[in-house]
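**Q** Here's a sequence, model it:
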Amino acid sequence: MTESESTKESQTNVMESASVLKYISLVLLTAQNAVFILSMRYVRTREGDMFFTTSAVILQEAIKCFVSLIIILVQEGSVKGWLHHLNENILKNPLDCIKVSVPSLVYTLQNNLIFIGVSNLDAAVFQVGYNRLFLLKELH
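**A** Have a look, this model is predicted:
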C-alpha cells in the first residue's frame, strides 16, 4: 500500500467516525430533550411541594456538560489528549470560551421560561406553542 492510499484510508476512517459521532450526539440530545419535557410536565403538574425550576435547569446543564466531556474523551482517545484538548480550547482561549458561553446562558434562560410555560399552560397548548416557536426559527 502506498503512502497516498494509506492517507486516503485514514481520512475515510476519520470521516466515518465523525459521522457516527454526529448521529450518536443527535440521538443523545433528542432523547435528553424528550425526557426533559416529559419529566418537567409531570413534576410541575403533580400535587405536593414544588422545587425551584432553576435547580432543575442547572442540573440539566451539568449533565450535558458531563456527557460532552465524555464525548470529547472518546473522540480524543486518551486522558492525556483529552486534557490537552481542554487546555487548548478552554484555558488558553478564554475569550472564545466566553463567546460560546453567551448562547449557553441564553439557552438556560429559555429553559427557565419553558418551566414557567409548562407550569401555567395546558399540555396541548404548551406543545403546540413550543413546536411553533421552533418552526418559526427554521423559517428565518
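
**Q** What strand or helix carries residue 29?
**A** Per DSSP states H and E, residue 29 falls inside helix 3-45.

**Q** Equivalent analysis for residue 51, please.
**A** Assigned by DSSP H and E, residue 51 falls outside every helix and strand.

**Q** Next, work out how far apart it and residue 114 are.
**A** According to Cβ to Cβ, to the nearest Å, residue 51 stands 15 Å off from residue 114. To be clear about C-beta, it is placed using only N, CA and C from the backbone, and glycine gets the same treatment.

**Q** How about residue 54?
**A** Counting by Cβ to Cβ, the gap from residue 54 to residue 114 is 12 Å.

**Q** which residues do these two both contact?
**A** With contacts taken as Cβ atoms under 8 Å, 6 or more residues apart in numbering, residue 54 and residue 114 have no neighbour in common.

**Q** related to what we said a few turns ago, show me what the helix holding residue 29 is packed against.
**A** helix 53-76, helix 94-120, helix 123-139 (3 or more Cβ pairs under 8 Å, 6 or more residues apart in numbering; DSSP states H and E).

**Q** What residues sit buried inside the second one?
**A** So that's helix 94-120. 111, 112, 114, 115, 118 (16 or more other Cβ atoms under 10 Å).

**Q** ditto for the first one
**A** Of the residues in helix 53-76, 53, 56, 57, 60, 73 count as buried by neighbour count, 16+ other Cβ under 10 Å.

**Q** nearest spatial neighbour of the last one, skipping sequence neighbours?
**A** What it means is residue 73. residue 82 (4.5 Å; Cβ to Cβ, 6 or more residues apart in numbering).

**Q** what about the one you found, neighbour count?
**A** For residue 82, the count of nearby residues is 17 (other Cβ atoms under 10 Å).

**Q** hmm, who's touching stretch 78-90?
**A** By Cβ under 8 Å, 6+ apart, stretch 78-90 touches 69, 72, 73, 76, 96, 97.
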